[in-house]
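*Asks:* Whatever this is, show me its structure:
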Amino acid sequence: MHRFLRAIGFSEFKDKKQLDKIIKDIIKHPDVEKLALDSDGNEFSEITYMYSEYFGITVCGLYDEDNNFSIDHYYPVFIGQEASTDEQVEIERHVGDESYAGVCDEMRLGVTLIFYLQNVVDYLNRKKICGTSCQNVTTTLSALSLGGKIIFPIGKNEEQIRNTEKNRRNHNYLMAAARDGDEEAIESLTLEDIDLYSMISKRVENEDVFSIVESYFMPYGIESDQYSIMGQILDLKTISNNVSKENIFIMRVNSNDLVFDICINEKDLFGVPEVGRRFKGNIWMQGKINFLE
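*Replies:* All right, here's what the predicted structure looks like:
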């Protein structure tokens, strides 16, 4: 059983017979099916059934010469609504099955961003053109979460908000310059980190850390596409899974200037989400590469 089925509304889904029945139904009555030749020259298929406008289950597998379908793997899929990054993306295949990871150097995060690729067929159909490096593309990121908390925002006046935005733009500029080998930018970033560490060390003696740190984005656990994040909620929807009838929160979150959508079961969120408040939790990052026509 895939752990993140819970995030799209299948929290009571614990019987393998139930899973087998649903997967058979998905294969017989898909909402979307896409085909391509995989890395071994076999006919690879992505079959998706949506349980709302935003999330569903994707079953991936192969067709043989007699047009019989064999399942390779499945996963819960959550479709993001807006492009999150336009950085170059490197694609790498996972060892165990015909699934792929996207890798990009996102300057706003300060870490290499790795995500589970949703549109494998689209990539396979364009692999001969772009190879393993996808340039001049945008990527729509989305995340599933099994647990999170709602935290109040940090109170700021208009001047503090303007200064924060100015500092972020300057930081992103320095990160981009440092990536290109600018020694002055590297030195400036080093001094910036020293000053930040000194400031936090002094303030944390008398303040809660979440009144100092507004957002963060960092790797979580041993899975390369899972992260611990905190960010401001920009938009919020409550959607019902049309089979299980469980309520799902869909939040657009800004974490370290990276904007993406998060899907979490109402049962797994502690606190009341509202626009302007912050979400803190662990996520599994997915992504769809938007190829130019």
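
*Asks:* pretty sure D86 contacts V137?
*Replies:* Yes - at 7.3 Å, D86 and V137 qualify as touching, with contact defined as Cβ atoms under 8 Å. Every C-beta, even on glycine, is put in place using the N, C-alpha and C of the backbone.

*Asks:* The two: who's more crowded?
*Replies:* For D86 versus V137, neighbours defined as other Cβ atoms under 10 Å are more numerous around V137 (19 against 14).

*Asks:* hang on, the more buried one packs against K288?
*Replies:* No - the criterion here is Cβ under 8 Å, and V137 misses it with K288 at 10.2 Å.

*Asks:* what's the burial count for I151?
*Replies:* Neighbours of I151 (other Cβ under 10 Å): 17.

*Asks:* quick one: contacts for the closest residue to it other than its chain neighbours?
*Replies:* Nearest non-adjacent residue to I151, counting by Cβ to Cβ, 6 or more residues apart in numbering: R278, 4.4 Å away. R278 makes contact with I150, I151, F152, P153, E214, S215, M230, G231, Q232, I233, according to Cβ atoms under 8 Å, 6 or more residues apart in numbering.

*Asks:* Which residues does R278 form beta bridges with?
*Replies:* I151, Q232 (DSSP bridges).

*Asks:* now do the one 5 residues further on
*Replies:* With DSSP bridges applied, the residues forming beta bridges to I283 are S145, Y227.

*Asks:* and it, how many neighbours does it have?
*Replies:* Considering only other Cβ under 10 Å, I283 is surrounded by 29 other residues.

*Asks:* what's the spacing between it and S255?
*Replies:* Separation of I283 from S255 (Cβ to Cβ, to the nearest Å): 9 Å.

*Asks:* Then S224?
*Replies:* 18 Å.

*Asks:* Comparing these two, which residue is more hemmed in?
*Replies:* Higher neighbour count among S224 and S255: S255, with 25 against 15, using other Cβ under 10 Å.

*Asks:* Spatially nearest residue to that one (excluding sequence neighbours)?
*Replies:* Computed as Cβ to Cβ, 6+ apart, the closest residue to S255 that is not its neighbour in sequence is G231, at 3.1 Å.

*Asks:* Is it correct that the one you found is in contact with S215?
*Replies:* Yes - with contacts counted by Cβ under 8 Å, G231 reaches S215, the gap being 4.6 Å.

*Asks:* Now for the two: what residues contact both?
*Replies:* The contact sets of G231 and S215 overlap at N254, S255, N256, R278 (Cβ under 8 Å, 6+ apart).

*Asks:* Give me the next element, helix or strand, following the helix or strand of the chain with the lowest mean pLDDT.
*Replies:* In the chain, the helix or strand scored least confidently by mean pLDDT, DSSP states H and E is helix 158-179, which has a mean of 73. Downstream of helix 158-179, the next assigned helix or strand under DSSP states H and E is helix 183-203.

*Asks:* hang on, the earlier thing: count of neighbours near the residue nearest to S255?
*Replies:* The local packing of G231 (other Cβ under 10 Å) involves 24 other residues.

*Asks:* Over to the one 3 residues further on?
*Replies:* Per other Cβ under 10 Å, the neighbour tally for L234 reads 13.

*Asks:* what's the pLDDT at it?
*Replies:* If you check L234, the pLDDT there is 96.

*Asks:* Point me to the helix or strand that includes it.
*Replies:* If you go by DSSP H and E, L234 is part of strand 226-240.

*Asks:* neighbouring strands for the helix or strand containing S45, and are they parallel or not?
*Replies:* Here S45 sits within strand 43-50, counting by DSSP H and E. In the sheet, strand 43-50 lines up against strand 32-37 (antiparallel), strand 55-63 (antiparallel) (DSSP bridges).

*Asks:* tell me the SS of the closest residue to Q118 other than its chain neighbours?
*Replies:* Distances taken as Cβ to Cβ, 6+ apart place K288 nearest to Q118, at 4.5 Å, with adjacent residues excluded. Here K288 takes the strand state, with states given by DSSP: H, G, I helix; E, B strand; the rest coil.

*Asks:* With T58 as the reference, measure out to K288.
*Replies:* Here K288 is placed at a distance of 11 Å from T58 (Cβ to Cβ).

*Asks:* which residues are in contact with both of these two?
*Replies:* Here K288 and T58 share the contacting residues Q118, scored by Cβ under 8 Å, 6+ apart.

*Asks:* what's the angle between the helix or strand containing K24 and strand 55-63?
*Replies:* In this assignment (DSSP H and E), K24 forms part of helix 16-28. Relative orientation of helix 16-28 versus strand 55-63 (axes from the mean of the first three to the mean of the last three Cα atoms, to 10 degrees): 70 degrees.
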